[in-house]
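S.K.: Generate a structure from the sequence data that follows.
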Amino acid sequence: MSAAVWLKRAAILTACVAGLSGCVVGTVVGTAVDVGVEVVKIPFKVGKGVYDAVKDDDEPKKN
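M.R.: Reported below is the predicted structural model:
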């Protein structure tokens, strides 16, 4: 393999890696944010469930 072919392949590989690294970082950050948001929601969901179980349901029914 000549030096010119090797240099072209190295340049193409470097360009591909540089181009895809932004996508990978964006995906990882997006996933981390989604997980963080879901973790924050859990106490509110549990609190609502406890409130619904404890609240008084003695409302008169309408006929």
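S.K.: Quick one: the helices in this structure, in order.
M.R.: For the chain, applying DSSP state H gives helices covering 3-54.
S.K.: Quick check: which ranges of it have low pLDDT?
M.R.: 1, 21-22, 56-61, 63 (pLDDT under 70).
S.K.: so how many other residues sit close to Gly36?
M.R.: Neighbour count for Gly36, taken as other CB atoms under 10 Å: 10. In short, each C-beta sits where N, CA and C put it, glycine included.
S.K.: Val24 versus the residue most central in space within the chain, what's the distance?
M.R.: The residue lying closest to the centre of the chain (CA atoms, centre = their mean) is Thr31, at 2.1 Å. Distance, Thr31 to Val24, using CB to CB, to the nearest Å: 11 Å.
S.K.: still on that earlier bit, ok, now which ones touch the residue nearest to the centre of the chain?
M.R.: With contact set as CB atoms under 8 Å, 6 or more residues apart in numbering, Thr31 has no partners.
S.K.: so how far is Lys45 from it?
M.R.: Note on Thr31: its distance to Lys45, by CB to CB, is 21 Å.
S.K.: Leu7 now?
M.R.: Taking CB to CB, one finds Leu7 at 57 Å from Lys45.
S.K.: just Gly26 next, same as before
M.R.: The gap separating Gly26 from Lys45 is 28 Å, by CB to CB.
S.K.: try Val24
M.R.: Going from Val24 to Lys45 by CB to CB gives 31 Å.
S.K.: can you check Ala53 too?
M.R.: 13 Å.
S.K.: ok, those two, which is more surrounded?
M.R.: Counted by other CB under 10 Å, Ala53 and Lys45 do not tie: Lys45 has more neighbours, with 10 against 7.
S.K.: For that one, give me its contacts.
M.R.: By CB under 8 Å, 6+ apart, Lys45 lies in contact with nothing.
S.K.: Much appreciated, bye for now.
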